[in-house]
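Q: how would this look folded up:
(4 chains)
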2 protein chains.
Amino acid sequence: MNRPPTIKDVAERAGVHAATASRALNPATRGMVNARTASRVAEAARALGYAPNSAARSLRTRTSSVAGVIIPDLRNPVFPPIVRGIEDGLRDAGYMALVGNTDGDPDRERELVTAMRGRQIDGFILATSRRSDELTSSVPTVLVNRRTDNGGIPSVTADNAAGIHLLVRHLTDLGHTRIGHVAGPRDLSTGWERYRGYLDATTSLGLEAATDAVEFAGAFTETAGHAATLRLLAAHPSLTAVLAGNDLIALGCYSALAELGRTVPGDVSVTGFNDMPFVDRQRPSLTTVRIPHYDIGREAARLLLERIASPTAPAKRVVLPVELVRRDSTAAAQS
Amino acid sequence: MNRPPTIKDVAERAGVHAATASRALNPATRGMVNARTASRVAEAARALGYAPNSAARSLRTRTSSVAGVIIPDLRNPVFPPIVRGIEDGLRDAGYMALVGNTDGDPDRERELVTAMRGRQIDGFILATSRRSDELTSSVPTVLVNRRTDNGGIPSVTADNAAGIHLLVRHLTDLGHTRIGHVAGPRDLSTGWERYRGYLDATTSLGLEAATDAVEFAGAFTETAGHAATLRLLAAHPSLTAVLAGNDLIALGCYSALAELGRTVPGDVSVTGFNDMPFVDRQRPSLTTVRIPHYDIGREAARLLLERIASPTAPAKRVVLPVELVRRDSTAAAQS
DNA sequence: TTGTAGGCGTTATCAC
DNA sequence: GTGATAACGCCTACAA
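A: Below you'll find the model as predicted:
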């Protein structure tokens, strides 16, 4: 239980001064030191099992090689693969992730940001932003999955518009012309961009009455999707297809349609968004758009490291491609 | 972009010495200081937006209020609620979680442990342990979900044996007497304890031939479960019920039985373990045992904090109760 | 190429 | 009850 070795111990063992040991151990300054002494120091460090004290290093250099990752709730199946991607992306650069959940509460988010700043975080990856957020962080920050309307902060998101276009195209290919939309919350870029994509796709394909065949779900949840679907079909009973804002909303569509005595896909086709785990095993299996969650996370980590290296470079907005996954919840329209 | 305020700034503004400010701000030492100066300091800190520099504090106190959480893979649906529970449990005490994934690789695990130690972690929560691991950490450590055979390290797990008893009892109540087991890996406490529970329950209920009606799946995955189920039914074609090591293995049972032309639950009843998300929506919905993932995480955090406070107290092994969830994958045995 | 010295911000110890 | 001081371990001008 004796103290871990310090750089002084290493220096002593190698017969040099602490400053020399420090230079020898740091790749960036290794060149300043005689190659033979350098390897002697390295050997001593290895023998002692020396690991630099990061608190001391942070205090001195004002960097920590730690990134703060703030998400709404890890239990939402969208986030685990994203966080995993972030972790893997950070690891390559020797960074680690401090993870915090907000449950969508802005106060909680502020608390977390403050607490993490106090811990000398080098940067933030936020998955919690609303479209209207005006983030003015002095710390390098990257948005993931969601983004703000204001493009000042780098972000990594899926191509929501393209995904919706793929779905609408898939449905029109099946002969559908009366396609409704159960949209996600308007204040989140995911909900909003998919809604805009729906408007674009339907109008550009010349489908009538699309603009008002929309209901907004209060949240990306099954229950909110259920309620919104009931409202949508009450107003538009003749719809033959429903585009849901995401997979959970689509599951809400399933139950609402069942409640209304409509079959999927016999009477109404339903589509989701995200391709979260196990939607391929629902009854019926869900036609949806696959978004590359893990890659989104990894890319966000890359962007953050880039940003830390050059904080004043212009903010990139990376949009990753998505993929249509045809399954059994969509079928030819009944005429 | 000027430097964040230090305790010296706060002291100056309050007209006291830095040491006094430090005492005033620290709840533990607040008593040493005059109440009026204390509140003057607090006010100055608030006005300046002072947040202590945790690197300096860590350097001085050798504590960081950060815990390392090491898991196999966040994408395994068991872990998100556990990690979330840990995070919530730590937060109450002002701790944060540094999360790392190992993919079950012991080398990777060692790397992570070393790296986190270098970061002045106050303790570890490990979800990666194998039964045979001999952990001899000088840092407070708690095992979660899995544990080692050697009881020297505190752990928080679900009551696997009780869960299996509930399932076996449920099946015998339905008239089953020929119950097989597709077990999880023997080297993990989860797989092992459920296997032992199966032996106990079947023998204590006087079911014949139970001991050899077991196949071990190579992993807690659907494919491993599928393969093991085929082996089990080849050797024991007359089984009317299969107890799977966990939910994913149970899904493998489903597909294997379908491949063999047996219906669930008509020909064979199947049970899982964990009650992971969406198994209630499989066809058929899965009878399983619900384990309190979130509470397990929270309790692990509590235990770790306790351990940090008194590192030499005897190691508790906390076992949390589980609950039978009856669904459609089990039915009365055909006679 | 290597050694010396000072300081990062905080807290513990000692003196008043 | 408060102030002065030193030390935690590391890094980096600057000096040699």
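
Q: what does chain A put close to DNA strand D?
A: When proximity is defined as Cβ under 7 Å from any atom of the strand, chain A approaches DNA strand D at A:3, A:6-8, A:18-19, A:22-23, A:25-26, A:29, A:50, A:52-53, A:56-57, A:59-61. Heads up, the C-betas are built off the backbone N, CA and C, glycines and all.

Q: can we see that at 10 Å?
A: By the rule Cβ under 10 Å from any atom of the strand, the part of chain A lying against DNA strand D is A:3-11, A:17-26, A:28-29, A:32, A:45, A:50-63.

Q: and A:Val270, which of the three is it?
A: Per DSSP: H, G, I helix; E, B strand; the rest coil, the local secondary structure of A:Val270 is strand.

Q: and it, bridged to which residues?
A: With DSSP bridges as the criterion, A:Val270 is bridged to A:Val242.

Q: didn't it look like it was pressed against A:Gly252?
A: No. Contact between A:Val270 and A:Gly252 fails when scored by Cβ atoms under 8 Å: they sit 9.9 Å apart.

Q: and the gap between A:Pro154 and A:Ser65?
A: Distance, A:Pro154 to A:Ser65, by Cβ to Cβ, to the nearest Å: 19 Å.

Q: Report the set of residues contacting both of A:Val270 and A:Gly252.
A: A:Ala244 (Cβ atoms under 8 Å, 6 or more residues apart in numbering or on different chains).

Q: is it true that A:Pro5 touches A:Leu48?
A: Yes. Contact criterion Cβ under 8 Å: A:Pro5 and A:Leu48 qualify, at 4.2 Å.

Q: Mind listing residues that contact stretch A:88-95?
A: A:65-67, A:96-97, A:122, A:297-302, A:304-305, B:101.

Q: my bad, stretch A:166-176
A: For stretch A:166-176, the external contacting residues (Cβ under 8 Å, 6+ apart) are A:179, A:198, A:201-202, A:205, A:207, A:240-241, A:243, A:269, A:271, A:273, A:287, A:289, A:322-324, A:326, A:330-333, A:335.

Q: Return the subset of the residues you listed lying in helices.
A: Those of the contacts of stretch A:166-176 mapping onto helices are A:Tyr198, A:Ala201, A:Thr202, per DSSP state H.

Q: State the pLDDT value of the first one.
A: According to the per-residue confidence, A:Tyr198 scores 96 in pLDDT.

Q: Then the second one?
A: According to the model's per-residue confidence, A:Ala201 sits at a pLDDT of 94.

Q: Is the helix or strand of chain A with the lowest mean pLDDT positioned near DNA strand C?
A: Lowest by mean pLDDT, DSSP states H and E among the helices and strands of chain A is helix A:106-118, with a mean of 90. Yes. Residues of helix A:106-118 contacting DNA strand C under Cβ under 10 Å from any atom of the strand: A:Gly118.

Q: That helix near chain B at all?
A: Yes. Using Cβ under 8 Å from any Cβ of the partner chain, helix A:106-118 reaches chain B at A:Thr114, A:Ala115, A:Met116, A:Arg117, A:Gly118.

Q: Contact partners for the nearest residue to the last one once chain neighbours are set aside?
A: Put plainly, it is A:Gly118. Distances taken as Cβ to Cβ, 6 or more residues apart in numbering or on different chains place B:Ala51 nearest to A:Gly118, at 4.1 Å, with adjacent residues excluded. Shown in contact with B:Ala51 (Cβ under 8 Å, 6+ apart): A:Thr114, A:Arg117, A:Gly118, B:Pro4.

Q: Which positions in the stretch 101-250 of chain A make contact with chain B?
A: Neighbours of chain B within the stretch 101-250 of chain A, by Cβ under 8 Å from any Cβ: A:Asn101, A:Thr114, A:Ala115, A:Met116, A:Arg117, A:Gly118, A:Arg119, A:Gln120, A:Ser138.

Q: Could I get the phi/psi values of the first one?
A: If I follow you right, that is A:Asn101. phi -110, psi 140 (degrees, to the nearest 10).

Q: Surely it touches B:Gly85?
A: No. Between A:Asn101 and B:Gly85 there is no contact under Cβ under 8 Å: 10.5 Å.

Q: Against DNA strand D, how distant is the nearest residue to A:Tyr254 once chain neighbours are set aside?
A: Excluding the flanking residues, the one nearest A:Tyr254 by Cβ to Cβ, 6+ apart is A:Val264, at 6.0 Å. With the distance defined as Cβ to the nearest atom of the strand, to the nearest Å, A:Val264 ends up 60 Å from DNA strand D.

Q: residues contacting the closest residue to A:Phe273 other than its chain neighbours?
A: Nearest residue to A:Phe273, sequence neighbours excluded (Cβ to Cβ, 6+ apart): A:Asn246, at 4.5 Å. Counting by Cβ under 8 Å, 6+ apart, A:Asn246 touches A:Gly184, A:Thr190, A:Phe220, A:Gly272, A:Phe273, A:Asn274.

Q: likewise A:Pro284?
A: Going by Cβ under 8 Å, 6+ apart, A:Pro284 touches A:Val264, A:Pro265, A:Arg327, A:Asp328, A:Ser329.

Q: Surely it forms part of a strand?
A: No. Assessed with three-state DSSP, A:Pro284 is coil; it does not lie in a strand.

Q: Any of the residues of helix A:106-118 next to chain B buried? List them.
A: Buried by 16 or more other Cβ atoms under 10 Å in any protein chain shown: A:Ala115, A:Met116, A:Arg117, A:Gly118, out of these.

Q: partner residues bridging the nearest residue to the first one once chain neighbours are set aside?
A: It stands for A:Ala115. Counting by Cβ to Cβ, 6+ apart, A:Ala115 lies nearest to B:Met96, which is 7.0 Å off, once chain neighbours are set aside. B:Met96 forms beta bridges with B:Val66, as assigned by DSSP bridges.

Q: For A:Ala14, which non-adjacent residue is closest in space?
A: Going by Cβ to Cβ, 6+ apart, A:Ala14 has A:Ala44 as its nearest residue, at 4.0 Å.

Q: Pretty sure the one you found sits against A:Ala18.
A: No. In this structure, A:Ala44 is not within contact of A:Ala18 by Cβ under 8 Å, at 11.9 Å.

Q: who has more neighbours, the two?
A: A:Ala44 (22 against 14; other Cβ atoms under 10 Å in any protein chain shown).

Q: show me what contacts that one?
A: Applying Cβ under 8 Å, 6+ apart, we find A:Ala44 in contact with A:Val10, A:Ala11, A:Arg13, A:Ala14, A:Ala21, A:Tyr50.

Q: let's go with 6 Å and repeat that
A: By Cβ atoms under 6 Å, 6 or more residues apart in numbering or on different chains, the residues touching A:Ala44 are A:Val10, A:Arg13, A:Ala14.

Q: count of residues packed around the closest residue to DNA strand C within the stretch 151-300 of chain A?
A: Of all residues in the stretch 151-300 of chain A, A:Ile153 sits closest to DNA strand C, at 26.4 Å by Cβ to the nearest atom of the strand. Number of residues near A:Ile153 (other Cβ under 10 Å) recorded here: 23.

Q: is it true that it touches A:Leu135?
A: Yes. Using Cβ atoms under 6 Å, A:Ile153 is in contact with A:Leu135, at 5.5 Å.

Q: any idea what sits nearest the residue of the stretch 101-250 of chain A found nearest DNA strand D, other than its immediate chain neighbours?
A: Proximity of the stretch 101-250 of chain A to DNA strand D (Cβ to the nearest atom of the strand) peaks at A:Gln120, 12.4 Å away. Of all residues not flanking A:Gln120 in the chain, A:Ser64 sits nearest, at 4.2 Å (Cβ to Cβ, 6+ apart).
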